[in-house]
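Student: can you look at this prediction? I've put the sequence above it.
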Amino acid sequence: MNNCTLFPDGTWSSCCARHDRRYENKRLTKYQADKLLYRCVAKKNKLIASVMFLGVTLFGHYWYKKANDEAHNKHS
């Protein structure tokens, strides 16, 4: 994964990196990981957090599946 995919890096980049790791570790559902991204980014900028949350909600399923597939392949 590459942090803030399709979104410019900013003060929220560390939130994006944690979000990517949460997609990979499978301990959280996609929604839980996305909600934690929103909360992290909202501490820095609520408007950006809302736009990101909308983006990952609408378009993040591909990335969630890809991260899980890659994580599974590492352990196979």
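Tutor: Perfect, I can see it now.
Student: when you work out contacts or count neighbours from here on, use the C-alpha atoms and nothing else.
Tutor: Will do.
Student: count of neighbours near residue 23?
Tutor: The local packing of residue 23 (other C-alpha atoms under 10 Å) involves 26 other residues.
Student: revised request: answer the last question for residue 41.
Tutor: Neighbours of residue 41 under the rule other C-alpha under 10 Å: 24.
Student: once you drop chain neighbours, what's closest to it?
Tutor: Closest residue in space to residue 41, ignoring its immediate chain neighbours: residue 49 at 5.0 Å, by C-alpha to C-alpha, 6 or more residues apart in numbering.
Student: other SSEs contacting the helix or strand hosting that neighbour?
Tutor: Here residue 49, judged by DSSP states H and E, is contained in helix 46-59. The helices and strands touching helix 46-59, judged by 3 or more C-alpha pairs under 8 Å, 6 or more residues apart in numbering; DSSP states H and E, are helix 30-42.
Student: and the helix it packs on, what does it pack against?
Tutor: With 3+ C-alpha pairs under 8 Å, 6+ apart as the test, helix 30-42 has helix 13-25, helix 46-59 packed against it.
Student: give me the angle between it and helix 46-59.
Tutor: Here helix 30-42 runs at an angle of 160 degrees relative to helix 46-59 (axes from the mean of the first three to the mean of the last three C-alpha atoms, to 10 degrees).
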